[in-house]
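Visitor: fold the following and give me the result.
(2 chains)
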Amino acid sequence: MTVLLICYFIFLIGFIIYSVIGLYHLWRFGYVGDLTKPSIVIYVVLSVTTITFTLMAISLRSWPTAII
Amino acid sequence: MPISGKYFPSQVSGERVFLLIRRHWIVFAAMIFFVFVLLVPVVILLIYWASNPEVFSGSIGNFTIIFAGMYTLTALGLLLYGFVNYYLDVYIVTNKRIVDIKQKGFFSREIAELHLHQVQDVEAEVEGFFQTLMHFGSIHIQTAGERENFIFEDVPHPYTLAKQIVELHEASIEAEYEPKIHHDDKGTDDYRPEDYFHSEEKKTAESDVQDKPFKPTTESEVAQNSVDQEETEGGIKYLEESRHSDNESKPNRSQNQEEDDANFEHQKPIEEFGFGAKDNNQEKFENELKEMSEGKEVSLDDTDREV
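Guide: Numbers count the residues shown, from 1 in each chain, chains lettered A, B, ... in the order given. This next block holds a predicted model:
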């Protein structure tokens, strides 16, 4: 189970890097007055909400101390 | 309505955006639907968990939380990828060129440009039931030379857009003209593709060439000029003599001359009949200028104009 947690956190780091690259593209190549800024805000809100709920659920549960 | 200010990264000064086209929203809606379908199992799982919490009490619950979290974030990542691909794929038509920006993923971006002069043919294509129903399709822009044709895929209202591109192309054909920018009370620039005026610099240059007398500077030019003057004087004398004899032999020459003048009116170069022409179109020009200053729209298909 601990391995699963480690995998999740590695995935989380990868997801954050991926998101930063994607949002940078939207911010860099977006156009004046279009939907890039609202879409960035919506994506960030949805992602942070999902990550927060997952982390809360993980922290509220008991995890075995064994590595595997 | 043209868009004022800098609108896309490679926009040059004085370049006005007339059309900014993205693919039809249905293309992105399909992506949203796909992600929604992906998230349906997660929603069902959460509902089941709420009704039967004892099932997820052990390690199954831990695994489900992590898997559901990763799965949801992956779906969100896919949505971001689809949005970047959809939204950063843009076709821009300005008063100078057509810009085709294609975003392929996060790290591949192609920008192709085509000058409006190079447009040879514009073809709109709506194919299939769905495209007909949702009013979207493709626009094929045939280019001059060996360049690849421009294809706008899945754009909304392709027939209207193709017509507008053709109109902008026709307006840009008048390459010797330059745009007139209207400044309205709101401080925004109003630019119309058909409002072209003769370049003041060009007119000045042409009048300089016509009015400036030839002044020889070098010795060879002085010698040549004296010869030319003698020939000219001789020619004038000859013409005067022949004119006297012509007048006697052709009493109705003035009538022929009038006919020639009438024919010549139809053979004037195109630019003389342009919007800024001030000779025999003076009255029409002033009327149109007055209308424009009053903020009246001048339609693109102004068939009265003699161009």
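Visitor: can you list the domains in chain B?
Guide: Per the record, chain B has its domains at B:26-87, B:97-173, B:195-293, by automatic domain parsing.
Visitor: pLDDT of the last one, averaged?
Guide: Think domain B:195-293. Mean pLDDT, computed over domain B:195-293, is 50.
Visitor: what separates the closest residue to chain B within chain A from residue A:23, distance-wise?
Guide: Going by CB to the nearest CB, chain B is nearest to residue A:54 of chain A, at 3.3 Å. Where C-beta positions appear, they are placed from N, C-alpha and C, glycine not excepted. From residue A:54 across to residue A:23, the span is 20 Å (CB to CB, to the nearest Å).
Visitor: residue B:87 now?
Guide: On the measure of CB to CB, residue B:87 and residue A:23 end up 12 Å apart.
Visitor: and these two? Which one has more around it.
Guide: Neighbour tally, residue B:87 and residue A:23, criterion other CB atoms under 10 Å in any protein chain shown: the higher count belongs to residue B:87, 21 against 18.
Visitor: and the more buried one, how far from residue B:21?
Guide: Between residue B:87 and residue B:21 the computed distance is 12 Å (CB to CB).
Visitor: element containing the closest residue to residue B:122 other than its chain neighbours?
Guide: Nearest residue to residue B:122 in three dimensions, chain neighbours excluded: residue B:162, at 4.6 Å (CB to CB, 6 or more residues apart in numbering or on different chains). Taking DSSP states H and E as the criterion, residue B:162 maps to helix B:158-173.
Visitor: keeping just the C-alphas, turn that helix into CSV.
Guide: Output of helix B:158-173 as CSV, limited to C-alpha atoms (Å, rounded to 0.1, in the frame of the first residue of the first chain):
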residue,chain,number,x,y,z
PRO,B,158,-17.9,28.0,-44.4
TYR,B,159,-19.9,29.6,-47.3
THR,B,160,-20.0,33.0,-45.5
LEU,B,161,-16.4,32.8,-44.5
ALA,B,162,-15.3,31.9,-48.0
LYS,B,163,-17.2,34.9,-49.4
GLN,B,164,-15.6,37.2,-46.9
ILE,B,165,-12.1,35.9,-47.7
VAL,B,166,-12.8,36.5,-51.4
GLU,B,167,-14.0,40.0,-50.7
LEU,B,168,-10.9,40.7,-48.7
HIS,B,169,-8.7,39.2,-51.4
GLU,B,170,-10.4,41.5,-54.0
ALA,B,171,-9.8,44.5,-51.7
SER,B,172,-6.2,43.6,-51.3
ILE,B,173,-5.7,43.4,-55.1
